[in-house]
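Participant: model this:
(one chain, ligands or ions: 1)
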Amino acid sequence: MQKASTIGVLTSGGDAPGMNAAIRAVVRTGKYYGMKVMGVRKGYEGLIHGDIFEMSARDVSDIMHRGGTVLQTARSDDFKEVEGVRRGISTARYFGIEGIVVIGGDGSFRGARDLCAEGMPAVAIPATIDNDISCTEYTIGFDTAINTAKEAVDKIRDTATSHERCNIIKVMGRASGNIALNVGIATGAETVLIPEQEVDFERDVIEPIHAGHKRNKKHFIIIVAEGVAGSDDLDKRIEEAIGLEARTTILGYTQRGGSPTVVDRVYASQMGSYAVELLKDGVSDRIIGIKKGSIYEVDIFEGLNMPHTVREDLISLSKILSI
Ligand code: F6P
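Facilitator: Sure, this is the predicted structure:
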């Protein structure tokens, strides 16, 4: 691609805390280099329909500490079709956009890949609370989400202790167990159920409770990732199987909101700035990620094909520490 002097920025898919810090970094870095920065509202929907406006450095004042995304977001069905992608590109060109920074999760990355394939330069920044993108160790929003969940589980533990109950807490994460695993370790959960591992009710739920009782444990915390199949009536099944009172709490969208942590703000600022530098230098078709703790970039087609992995070390740590 040739060096871009007008760029677009959009957020797409599920919102994540820290998206605003990334938008701010894109706009301010663009302005720093004398570029024109166009904000696109509501993700790919806004790109298709021309919901696009020029942003100044002041438009991103006082947004870094806010959750959600000031550009708003959407999941666009139209953009899954090549027709939608082409319409988006022609609208972008009408507004003079020469390259687009896409901030979102893996669904949004597929949209960015399609933009590249159809001739519109794009750079993608990983932002989803799920931390489920294979080509990066970290996605913006994850740290805030696990801290929110950690606070909730700490509170639930107080009541679990008082009543000597089993409390089941469901966390988000789509098909990934990353949130569950990290929250489980951070809150000292007895059991963590994740979609990457087959769940056997007797072996993974009932046996650890029996073993805990023998070691004088009075209450049990079970963290369940939302992607675990057949986990809807775990509380009833536990009560029926062993007569232990059980209650379920679904943390849901509380994990998606709130002021981003320092970790999320700093990664978002670094990634937003780096994305603009790439487009300014004429580099496109990239995903920005974190590898061994540092910022790196990978080809978008290659990055999207990397296989999903799970932290085996954290799985075994969680088991060792729950005795
Ligand atoms: O990808 C983030 C996430 O919050 C997942 O954890 C969850 O499965 C999904 O989005 C919920 O999506 P929606 O906002 O469409 O309900």
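Participant: which residues does whichever residue of the stretch 151-300 of the chain sits closest to the ligand contact?
Facilitator: Minimum separation of the stretch 151-300 of the chain from the ligand (C-beta to the nearest ligand atom) falls at Met172, amounting to 3.3 Å. In this view, the C-beta of every residue, glycine as well, is placed from N, C-alpha and C. Neighbour list for Met172: Ile129, Asp130, Ala145, Ile179, Ala225, Glu226, Leu251, Gly252, Gln255, Arg256 [criterion: C-beta atoms under 8 Å, 6 or more residues apart in numbering].
Participant: wait, the fourth one sits on Thr139?
Facilitator: No. The pair Ile179 and Thr139 fails to qualify as a contact (C-beta atoms under 8 Å) at a distance of 10.9 Å.
Participant: what is in contact with these two at once?
Facilitator: Common neighbours of Ile179 and Thr139 (C-beta under 8 Å, 6+ apart) are Ile129, Asp130, Asn131.
Participant: now, which of these lie within helices?
Facilitator: Among the shared contacts of Ile179 and Thr139, no residue falls in helices (DSSP state H).
Participant: which of the residues you listed count as buried?
Facilitator: Buried members of the shared contacts of Ile179 and Thr139, scored by 16 or more other C-beta atoms under 10 Å, are Ile129, Asp130, Asn131.
Participant: in this structure the first one contacts Tyr138, no?
Facilitator: No. Using C-beta under 8 Å, Ile129 is not in contact with Tyr138, being 11.6 Å away.
Participant: what residues does the stretch 51-200 of the chain put near the ligand?
Facilitator: Gly105, Thr128, Ile129, Asp130, Met172, Gly173, Arg174 (C-beta under 6 Å from any ligand atom).
Participant: burial count for the nearest residue to Phe301 once chain neighbours are set aside?
Facilitator: Closest residue to Phe301 apart from its sequence neighbours, by C-beta to C-beta, 6 or more residues apart in numbering: Arg113 at 6.3 Å. Residues within reach of Arg113, counting by other C-beta atoms under 10 Å, total 21.
Participant: thought Arg113 was touching Leu304?
Facilitator: Yes. Counting by C-beta under 8 Å, Arg113 sits close enough to Leu304 to count as a contact (5.9 Å).
Participant: hang on, the earlier thing: which of the contacts of Met172 fall in strands?
Facilitator: Ala225 (DSSP state E).
Participant: farthest-separated two in the contacts of Met172?
Facilitator: The span of the contacts of Met172, defined through C-beta to C-beta, is set by Ala225 and Arg256 at 15.2 Å.
Participant: before we move on, could you check phi and psi at the residue in the chain sticking out farthest from the centre?
Facilitator: Largest separation from the mean C-alpha position in the chain: Lys214, at 38.6 Å (C-alpha atoms, centre = their mean). According to degrees, to the nearest 10, the main-chain angles of Lys214 amount to phi -60, psi -30.
Participant: can you map out the strands along this protein?
Facilitator: Under DSSP E, the chain gives strands at 6-11, 36-40, 52-55, 99-104, 122-126, 166-171, 191-193, 220-225, 246-250, 286-291, 294-299.
Participant: so the protein: which segments form each domain?
Facilitator: 6-141+260-304, 144-256 (automatic domain parsing).
Participant: got the buried residues for the longest helix anywhere in the chain?
Facilitator: Looking across the chain with DSSP H, the single longest helix is helix 142-163. By neighbour count on 16+ other C-beta under 10 Å, the buried set for helix 142-163 is 142-150, 152-153, 156-157, 160.
Participant: and Ala241, how far from Leu193?
Facilitator: Distance of Ala241 to Leu193, computed by C-beta to C-beta, to the nearest Å: 16 Å.
Participant: what is the burial count for whichever residue of the stretch 1-150 of the chain sits closest to the ligand?
Facilitator: Closest to the ligand within the stretch 1-150 of the chain is Gly14: 3.5 Å, counting by C-beta to the nearest ligand atom. By the criterion of other C-beta under 10 Å, Gly14 has 21 neighbours.
Participant: list the contacts for it?
Facilitator: Gly14 neighbours (C-beta under 8 Å, 6+ apart): Thr73, Arg75, Gly105, Thr128, Ile129, Arg256.
Participant: take the residues you listed and write them to CSV, including pLDDT.
Facilitator: Below are the contacts of Gly14 laid out as CSV (pLDDT from 0 to 100):
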residue, pLDDT
Thr73, 96
Arg75, 91
Gly105, 97
Thr128, 98
Ile129, 98
Arg256, 98
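Participant: and the closest residue to Gln72 other than its chain neighbours, how far from Ser12?
Facilitator: Spatially, and ignoring its direct neighbours in sequence, Gln72 is nearest to Lys42 (4.9 Å; C-beta to C-beta, 6+ apart). Separation of Lys42 from Ser12 (C-beta to C-beta): 9 Å.
Participant: now do Met64
Facilitator: 20 Å.
Participant: over to Asp299?
Facilitator: 20 Å.
Participant: find the nearest non-adjacent residue to Met19, please.
Facilitator: Nearest to Met19 is Thr69, by C-beta to C-beta, 6+ apart, at 4.1 Å.
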